[in-house]
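Asker: Generate coordinates for the sequence data below:
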Amino acid sequence: MNHLARQLLDIAESIMASSSPEKSKAAFLDQAAGLFNDSRIILASIKRKRILFVSGGLTPSQDNEFAGAIKGFIHTFSKQEAPRIIREQEMDGAGAPVIHPAPGTLGRRLLWAPMAGPCEKARHALIIALNVDEKRDREIIDAFSFASPFLAPIFKTPLKRWFKNRRKTAAVVMAAFALTMMIPIHSRIHAPAQVVPRNPHYLFAPFDGIIKTLFVYPGQTVKTGDVIFAYDIRDMEREKDEASHVLAASNAELARLEGASYGSPLELSKIPAQKIEINRRRLEVDFIARRLALSKVRSRADGVIILDDPDALIGTFVETGQLVLRVADPEKTKIRIMVPASDSGAPAKGARVVVRLDDNPFRSIEARVERMGFDVVLSDEYVPSVIFDAAWKNDSGDVHPGQRGTARIMGPKTFLGLQLFRKPMVAARIFFGI
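Answerer: Numbers count the residues shown, from 1 in each chain. Alright, predicted model coming up:
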């Protein structure tokens, strides 16, 4: 080990013991420059072809003529793995014009000294514009050949530490994320909800016909016996008149037969059949009369009218047994939840429900699931859903049928990660066919 190599190692040892990793680079360049008669020393990144530090406290620039010359110099000699002296004429013949800068910029002789540890590829290199006697060239090359493995840690330790800290940070973040995903919580399902009446009274069409008049409007309060709607009875009245005339004619025929039966056995034999015909005609008249009596449909319960579109009923033909409207007690309501079919298996009967209605999103009302459907139907948003009915846990307050909102159903216990990523995992499983 020659004297110059010892001096370089002494500088490196003193700097690494007293300076931070970032400051050690600049300090080494400044102190090492004194060993070469204050020659300019440049620390460059071989892979990125950039100037990292310059001795003398100069700020490295990447977009001037000097930086262009250094970049071209690194591009030409980056494959040189051993220290060597490069003279100006060798740079001229290297085939890279950008290497040759303005006179005096880099100097007449340059030292190329890659910094590589044992069994490693050099990531950094020192470029020194030598201002010393050419007789010391061999001493300089031997010194850097010997000292390079010992000087490399000065330049690569911060990089390793950065990666090490990055790995530690990533490990801590991943561990914290994994622990967070393992937090036990109750599974939750959010679904659209609507307030509906509990045990309403249904009004069905008593017979086939056309609704002529609707005497109520949605939300109207009605009492038992109030007329709700009436049929168009013009055809029934005509049928009744015709049946009455036929019945009168049949009675007149029976009277004639009874008078003629005293002298004619044939007329006497027609009397039983005529009486049967009269009974049939009388039943027909009675049937039409009963239909006329039912033509004005009355409420059989107290409550308010539940009806979506009253105009759609007027002039509509309804069949016997068809639902026309409902009468419900506004104080007796429940919540109907359209749970997506993919979530319908999570909650159970008696599960806790938190309802927030659209008219007051900050107010929450608690309920309990009391019925779960089985058939899949389309919700208003055309999502395949299952109907859940929930009863209010306490007094629901000022809530009336028709109000809409969202419901949060509490399901069984699960992990936070499964709650967050259950649907993405199902989508991925379906996509990949697992």
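Asker: which stretches of this protein form helices?
Answerer: Counting by DSSP state H, the chain forms helices over residues 3-18, 21-33, 65-77, 88-92, 137-181, 234-260, 265-269, 271-293, 416-432, given from the N-terminal end onward.
Asker: Is it possible to get CSV of these that adds mean pLDDT?
Answerer: Putting the helices of the chain into CSV (pLDDT from 0 to 100) gives the following:
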stretch, mean pLDDT
helix 3-18, 81
helix 21-33, 81
helix 65-77, 81
helix 88-92, 66
helix 137-181, 79
helix 234-260, 89
helix 265-269, 84
helix 271-293, 90
helix 416-432, 81
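Asker: Can you say which of the ones you listed is nearest to residue 224?
Answerer: Taking C-beta to C-beta as the criterion, helix 271-293 is the member of the helices of the chain that comes nearest to residue 224, at 17.4 Å. (Each C-beta comes from the backbone N, C-alpha and C, glycine too.)
Asker: Give me the angle between that closest one and helix 234-260.
Answerer: 160 degrees (axes from the mean of the first three to the mean of the last three C-alpha atoms, to 10 degrees).
Asker: circling back to that earlier point, now the helices of the chain as CSV including mean neighbour count?
Answerer: Compiled in CSV, these are given as follows (neighbours: other C-beta atoms under 10 Å):
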stretch, mean neighbour count
helix 3-18, 16
helix 21-33, 19
helix 65-77, 19
helix 88-92, 14
helix 137-181, 14
helix 234-260, 14
helix 265-269, 11
helix 271-293, 14
helix 416-432, 12
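Asker: Using a markdown table, please lay out the ones you listed together with distance to residue 115.
Answerer: Putting the helices of the chain into a markdown table (distance: least, C-beta to C-beta, whole Å) gives the following:
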| stretch | distance to residue 115 |
| --- | --- |
| helix 3-18 | 11 |
| helix 21-33 | 11 |
| helix 65-77 | 13 |
| helix 88-92 | 21 |
| helix 137-181 | 5 |
| helix 234-260 | 108 |
| helix 265-269 | 137 |
| helix 271-293 | 108 |
| helix 416-432 | 46 |
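Asker: Residue 309: which of those is closest?
Answerer: The stretch from the helices of the chain with the least distance to residue 309 (C-beta to C-beta) is helix 234-260; that distance is 25.0 Å.
Asker: Against which helices or strands is the closest one packed?
Answerer: Contact partners of helix 234-260 among helices and strands, from 3 or more C-beta pairs under 8 Å, 6 or more residues apart in numbering; DSSP states H and E: helix 265-269, helix 271-293.
Asker: For residue 357, find the nearest of the helices of the chain.
Answerer: When the helices of the chain are ranked by distance to residue 357, counting by C-beta to C-beta, first place goes to helix 416-432 at 24.7 Å.
Asker: so what secondary structure elements neighbour the closest one?
Answerer: Taking 3+ C-beta pairs under 8 Å, 6+ apart as the contact cut, helix 416-432 packs with helix 137-181, strand 184-197.
Asker: Alpha carbons only: can I get that helix in PDB?
Answerer: Backbone C-alpha positions of helix 416-432 (Å, rounded to 0.1, in the frame of the first residue of the first chain) are rendered in PDB as follows:
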ATOM      1  CA  LEU A 416     -62.700  -5.600   8.700                       C
ATOM      2  CA  GLY A 417     -60.700  -6.800   5.700                       C
ATOM      3  CA  LEU A 418     -63.400  -9.300   4.700                       C
ATOM      4  CA  GLN A 419     -66.000  -6.600   5.000                       C
ATOM      5  CA  LEU A 420     -64.100  -4.200   2.800                       C
ATOM      6  CA  PHE A 421     -62.800  -6.700   0.200                       C
ATOM      7  CA  ARG A 422     -65.600  -9.300   0.100                       C
ATOM      8  CA  LYS A 423     -67.300  -8.000  -3.000                       C
ATOM      9  CA  PRO A 424     -64.000  -7.300  -4.900                       C
ATOM     10  CA  MET A 425     -62.900 -10.800  -4.100                       C
ATOM     11  CA  VAL A 426     -66.200 -12.200  -5.400                       C
ATOM     12  CA  ALA A 427     -65.900 -10.200  -8.600                       C
ATOM     13  CA  ALA A 428     -62.300 -11.400  -9.000                       C
ATOM     14  CA  ARG A 429     -63.400 -15.000  -8.400                       C
ATOM     15  CA  ILE A 430     -66.100 -14.800 -11.000                       C
ATOM     16  CA  PHE A 431     -63.800 -13.000 -13.500                       C
ATOM     17  CA  PHE A 432     -61.100 -15.700 -13.200                       C
END
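Asker: what's the closest non-adjacent residue to residue 146?
Answerer: Beyond its immediate neighbours in the sequence, the residue positioned closest to residue 146 (C-beta to C-beta, 6 or more residues apart in numbering) is residue 5, lying 4.6 Å away.
Asker: I'd say the one you found and residue 148 touch.
Answerer: No: judged on C-beta atoms under 8 Å, residue 5 makes no contact with residue 148 at a distance of 9.7 Å.
Asker: what's the first-to-last distance across stretch 217-225?
Answerer: 16 Å (C-alpha to C-alpha, to the nearest Å).
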